[in-house]
Structure formats: C-alpha cells, structure tokens
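Student: The following comprises the amino acid sequence and a computationally predicted model.
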Amino acid sequence: MTSPGKNQNYQGSHPSLRVRLRYWFRRTFKAVDIEQRAEVQVSIRQASRPTFDFFLMVVLSCVIATLGLLVASPAVIIGAMLVAPLMSPIIGLGLASLTGDHRLLQDAVVAILRGVLLAILISALITLFNLRLPFVILSELNQEILSRTHPSPIDLGVALAGGAAAAFALAMPNISAALPGVAIATALMPPLCTAGIGLALRDLSVAGGAFLLFLTNMVAIIFAASAVFFVLGFRSLAIKNNKRIPQSLVITAVLTVILLGTLSYLSFEFVQSANENRRIEAIINSEVGKLESADLVDFRSSYIGDTLHLNITLRTGKLLQYEDSVALQNEIANQIQKPVSVVVNQVLASRLDPLVPPTFTPTSTPGPSSTPTTSSTPTVSPTLTPTETSTPTDVPTATFTLTHTPTPALAKAWTTGFPILRLYQTPGGPEIARIRQGDRLTVLYGREIFESLVWVEVLDLDGRIGWIPETYIIIITSTPTPTLQPSLTPALADSPTITASPT
C-alpha cells in the first residue's frame, strides 16, 4: 500500500509537461471577465448590423478607394482603409461561430455579402464612367492596381496578424487605439475595388486575383479572431462543458491551410514567370543593342501553345528592314531555345542636342552680271513705206469649266465593343493617341491593307494624324465638292501687222 502512495506523491510533485504548459498558458493569457465579455459582444453585435450607416460608409470608402486606385495615390487608398467598415462584421462572424450567437452570425453574413457586392458594383460603375469621360486615362494599369492582383503567403501572414491584433484590441478597451493601424494593415476595401475595376475593364485576371486577395484576408481574419477570442474565454456553454476546440475554429484553420497552399503555388508560378520575363528582357536588350540606332521601348510576351509571341516596340533613328526583324527573331529563338514569333513596331525618332547646334551649309545664288553691248553704225538703207495688213493671231481667252476636287471626308469613331479606340502611327504600328466613341474624325487620302484590315489615314480633333481600321469609323459626309476653275482656250483675233516694202 505504500508504493502507490509514493507514486502519487512523485507524480504530484513533478507534473507532466502538458500540465505545466496548460498552467503557464492560463497564467500568461488570462481570460476576460464576464462583464467585459458581455460589453465586447454587444459592441461587435452593433457594429456588425447591416444598417443604413454601415452601407453609407461602404459607399463612401469604396468611392475613395476606387478614385485612389485610378490615380495611383497611396495616401487616398489609406484613407479609404480607415473609413471602410467591413472589418467589424468579419470579426463578428468569427465571434459568432465561436460563441454560437445565431443572431450575430446572421447579421454578419448579410452585412458582408451585401457590402462586398455593393463595393464591387460601385467601383465598376465609377470605372465605366471614367472610361466615358476620361478624367484619368488608363493606357495601362498602374502599380497600385497590379499589386493587389497577385496574393501571396505574405498577404496571408499579414491578415493573420492583423486579425489577431484587431480581436485583441476589441477585447481590451485600453488598447483600442491600435484599431486604425489594423485597418490599414488588413486591406479589405482596395481589393474589392480592384475587382470592380477589373470587371469594368473586362480583365478577368485582374478581377479574379483581387477577389482572391479579399477572400484570403477575410478567412485569415476570421481564423485569427476566433483563436484570440477562444484564448480570452469567449466560448459557448457547450464548448465550456466539453473543454474541446470548437468545430468552427477547426474549419477556419483548415481553410487557412488550404489558402496557404494555394497562394504558395500561385506565388511560385508568379516568381517563375517574373524570372522568365527578366531573362527574355535581358536577351531582347542584348540583341536590340546590336542594331544601329535602336532602343527598346517596351515588349509584351504571351504563349500560344508552345510558341512564345513577342510584341516588341523599338525607337529607331532610321527605318529597319525586314531582314533585321528576321535576324532578331532567330537570335532570340536560339538563346531561349523555344519557338518564337516576333512582331517589331518601329517609332522613328531624331536626336537633338542643345549643346551641338545644327550646321548651316551656305548655298551660292547667282547675282547680277553685266553683259557687253555692241553699238550699231548707221548705214544708208532704202526708205521703207509701211503698209498695214491684217494677220490672224492666237489670243488666249478665259473660259470656266466644272471640275471635281476631292475633299477630306467627315467621319465618326464607332465600335460596338470596348468604347476606347486607338490611333496608330502606322497601320499596326505604335499607338499615338486614344479616341473615344463618337469623336469626329477627318478621313484623309491614305489607305492601306494590313493584316486583312483596311486602314485609313485620319485627322482627330487635336490635330493628330494617324491610322485606324476603317471598320471602326462611320462616314458622315464623303461627297466631292464641285469647284469652278478657269482654263485658257485659244481664240482667233485680228491684229494689225506692219510690213515694209521698199520704195
């Protein structure tokens, strides 16, 4: 009977590692008292309700974020993060799934769904309005928009830390001043606005990447907030009696792990693509440097099957020949070791250096010169008696004939698809201007066929001359203007001539 007692005393004096960790955890992370938990639940429940105030703040923050993204202003985007109210229902969703508050769960889900749809719709409408009246010309997407289309595991880590900080700040009123910083770190509204911009531009890659970033932030915030609330003692009665990890926390943890794997794979693909683009750019720069007076402006790459298609824009001092493009394509294909198709766009440019004035070449012009004249010596000649005779001569008289002089036609830009058209320097060449649907154009006399399209030379309202496919214009007036031009026709007239006869 003595040995079991000794064993019990030994186990009591030396608790297991699991018991010691649980004891340290309870001393370090003290649970929030009941009154404070009730106050936190009431405040989160009020902030998560889909009320008029909530949707008004969604609209205002969406307008600020969309305009900030269009003008690429980080300060404006940060202001939209501070105003956005989406953080409250997301944290409320994590608390409701942990405590079993069905009313809070319903309000949070409704607020999130309606807020997300409203934000995407408003940002898409603002972008479409900007395309019609281009206050900001989106010739290409800026860095603020592109940075929110490629979520990575780093974004997931930021959302996890931000969600944990937000839940802890809400549970501890003495550190609630950290909430603005949390709102900036866990960006929720800018990805939604980026998704709306992508839908308005009909770019599904931009819209899908931005919405994936929002889902990543939302799931990570729910999981982190649920874990913090669980540690601080926010649990339902069933969980308290069973003393087990709640099922909702396990589900969000599994979703977070799935997102982590997905983002890691996408990041790996993105890094590989970026490395390949850098290698292609280095090869193109090396080969373009071998051409005389040519500089690389831009290039775009895409794959169709196994063939790499490159659209290269060069700035040249003199016109390149067809053989130059073939040699460039062969050299790039040899170095990349892949089938390559190259299209070269040339932009002719001349260099002017203020330190080197132009050289003027003098030209000689003939001046007056004196020519000797000979004087005549009078001689005796027979006397001439003039007799007047009439001889017909040709005298030109002006008569007016009706001729047709061709005049430039007046046209209107029109397309049933995307409302922005482009004016090109040459058929299929570099872009020089944007044309809105309905703009008036003057069709000039140039007309060429390029890639099975008929291109016409036009003059826009700003005086720029370029080329555009004929299918994108509607001729308004094309009738030649008849003009009267004088023409000279010979006519016979009697004019007296004097003939001399000797007397």
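Tutor: Okay, I see it.

Student: hey, let's count contacts and neighbours off CA atoms from now on
Tutor: Fine.

Student: what about Asn142, how many neighbours?
Tutor: 13 (other C-alpha atoms under 10 Å).

Student: residues of the helix or strand hosting Ala227 that come out buried?
Tutor: Here Ala227, judged by DSSP states H and E, is contained in helix 204-231. By neighbour count on 16 or more other C-alpha atoms under 10 Å, the buried set for helix 204-231 is 206-231.

Student: What of stretch 119-132?
Tutor: Of the residues in stretch 119-132, 119-124, 126-128, 130-131 count as buried by neighbour count, 16+ other C-alpha under 10 Å.

Student: Give me the contact list for it.
Tutor: Stretch 119-132 has contacts (C-alpha atoms under 8 Å, 6 or more residues apart in numbering) with 58-59, 62-63, 66, 136-137, 189, 192-201, 419-420, 436.

Student: now swap in stretch 296-307 and tell me
Tutor: Contacts for stretch 296-307 (C-alpha under 8 Å, 6+ apart): 277, 281, 284-285, 288, 308-315, 338-341.

Student: Buried by neighbour count, from those: which ones?
Tutor: With neighbours counted by 16+ other C-alpha under 10 Å, those contain buried members at 281, 284, 288, 308-310, 312-315, 340-341.

Student: Now, these that are in helices?
Tutor: If you go by DSSP state H, the buried ones among the contacts of stretch 296-307 have 281, 284, 288 in helices.

Student: any idea which of the residues you listed is closest to Gly163?
Tutor: Comparing these against Gly163 with C-alpha to C-alpha places Glu281 closest, at 40.1 Å.

Student: Leaving out sequence neighbours, find the closest residue to that closest one.
Tutor: Phe299 (8.0 Å; C-alpha to C-alpha, 6 or more residues apart in numbering).

Student: which SS class is the one you found?
Tutor: strand (DSSP: H, G, I helix; E, B strand; the rest coil).

Student: does the residue nearest to the spatial centre of the chain sit in a helix, a strand or a coil?
Tutor: Per C-alpha atoms, centre = their mean, the C-alpha nearest to the average position across the chain is that of Leu141, at 1.8 Å. On the three-state scheme (three-state DSSP), Leu141 is labelled coil.

Student: ok, now how distant is it from Met172?
Tutor: To Met172, Leu141 is 42 Å away according to C-alpha to C-alpha, to the nearest Å.

Student: buried stuff in stretch 429-447?
Tutor: Buried residues in stretch 429-447, counted by 16+ other C-alpha under 10 Å: 429-431, 433, 435-437, 440-444, 447.

Student: Mark which of those are part of strands, please.
Tutor: The strands, defined by DSSP state E, take in 431, 433, 435-436, 440-444, 447 from these.

Student: Taking the residues you listed, tell me the two that lie furthest apart.
Tutor: Arg436 and Arg447 (21.8 Å).

Student: Report the angle between the host helix or strand of Ala111 and strand 431-436.
Tutor: Ala111 is part of helix 102-132, with elements assigned from DSSP H and E. Using axes from the mean of the first three to the mean of the last three C-alpha atoms, to 10 degrees, the direction of helix 102-132 lies 110 degrees away from that of strand 431-436.

Student: Figure out how far helix 102-132 is from the centre of its chain.
Tutor: Between the centre of helix 102-132 and the centre of its chain there are 23 Å (C-alpha atoms, centre = their mean, to the nearest Å).

Student: Ok, stretch 97-110 next?
Tutor: Distance, stretch centre to chain centre, for stretch 97-110: 39 Å (C-alpha atoms, centre = their mean).

Student: Let me know the average pLDDT across stretch 62-71.
Tutor: Mean per-residue pLDDT for stretch 62-71: 92.

Student: Put the alpha carbons of that stretch into PDB.
Tutor: Taking C-alpha atoms only, stretch 62-71 is exported to PDB below (Å, rounded to 0.1, in the frame of the first residue of the first chain):
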ATOM      1  CA  CYS A  62     -15.500  52.500 -52.000                       C
ATOM      2  CA  VAL A  63     -15.600  55.800 -53.800                       C
ATOM      3  CA  ILE A  64     -12.400  57.000 -52.000                       C
ATOM      4  CA  ALA A  65     -10.600  53.700 -52.700                       C
ATOM      5  CA  THR A  66     -11.600  53.500 -56.400                       C
ATOM      6  CA  LEU A  67     -10.500  57.000 -57.100                       C
ATOM      7  CA  GLY A  68      -7.300  56.500 -55.200                       C
ATOM      8  CA  LEU A  69      -6.600  53.300 -57.300                       C
ATOM      9  CA  LEU A  70      -7.300  55.100 -60.600                       C
ATOM     10  CA  VAL A  71      -4.900  58.000 -59.800                       C
END
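
Student: Off-centre distance for it?
Tutor: With C-alpha atoms, centre = their mean as the basis, stretch 62-71 stands 14 Å off its chain's centre.

Student: and if you look at stretch 278-285?
Tutor: That offset, for stretch 278-285, works out to 23 Å (C-alpha atoms, centre = their mean).

Student: Need the residues that contact that stretch.
Tutor: Contact with stretch 278-285 is made by 296, 299, 332, 335-336, as judged by C-alpha under 8 Å, 6+ apart.

Student: circling back to that earlier point, measure how the helix holding Ala111 sits relative to helix 204-231, angle-wise.
Tutor: Using the same axes, to 10 degrees, helix 102-132 lies at 150 degrees relative to helix 204-231.

Student: Skip ahead from helix 102-132 and say which helix or strand is next.
Tutor: Using DSSP H and E, the first helix or strand after helix 102-132 is helix 143-146.

Student: Tell me the buried residues in that following helix?
Tutor: Within helix 143-146, judged by 16+ other C-alpha under 10 Å, the buried ones are 144-145.

Student: So which elements touch the following helix or strand past it?
Tutor: Next in sequence after helix 143-146, counting helices and strands by DSSP H and E, comes helix 153-171. Helices and strands touching helix 153-171, by 3 or more C-alpha pairs under 8 Å, 6 or more residues apart in numbering; DSSP states H and E, are helix 34-47, helix 179-185, helix 204-231, helix 247-288.

Student: what about helix 153-171, average pLDDT?
Tutor: 86.

Student: If you count neighbours, what's buried in that helix?
Tutor: Judged by neighbour count (16+ other C-alpha under 10 Å), helix 153-171 contains these buried residues: 153, 155-171.

Student: Stretch 460-476 now?
Tutor: Residues of stretch 460-476 classed as buried: 460, 465-470, 473-474 (neighbour count, 16+ other C-alpha under 10 Å).

Student: got the domain boundaries for the protein?
Tutor: Following the assignment in automatic domain parsing, the chain carries domains at 25-272, 289-348, 404-483.

Student: want to throw these into a markdown table with distance to Pro354?
Tutor: A markdown table is the format used below for the domains of the chain (distance: least, C-alpha to C-alpha, whole Å):
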| stretch | distance to Pro354 |
| --- | --- |
| domain 25-272 | 31 |
| domain 289-348 | 18 |
| domain 404-483 | 26 |
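
Student: which of those is buried the deepest?
Tutor: domain 25-272 (a mean of 19; mean count of other C-alpha atoms under 10 Å).

Student: For the stretch 1-150 of the chain, which residues score under the pLDDT cut-off?
Tutor: 1-32, 134, 137-139 (pLDDT under 70).

Student: wait, Gly208 sits on Thr194?
Tutor: No: contact between Gly208 and Thr194 fails when scored by C-alpha atoms under 8 Å: they sit 9.5 Å apart.

Student: which residues are common contacts for those two?
Tutor: What both Gly208 and Thr194 touch, as defined by C-alpha under 8 Å, 6+ apart, is the set Thr149.
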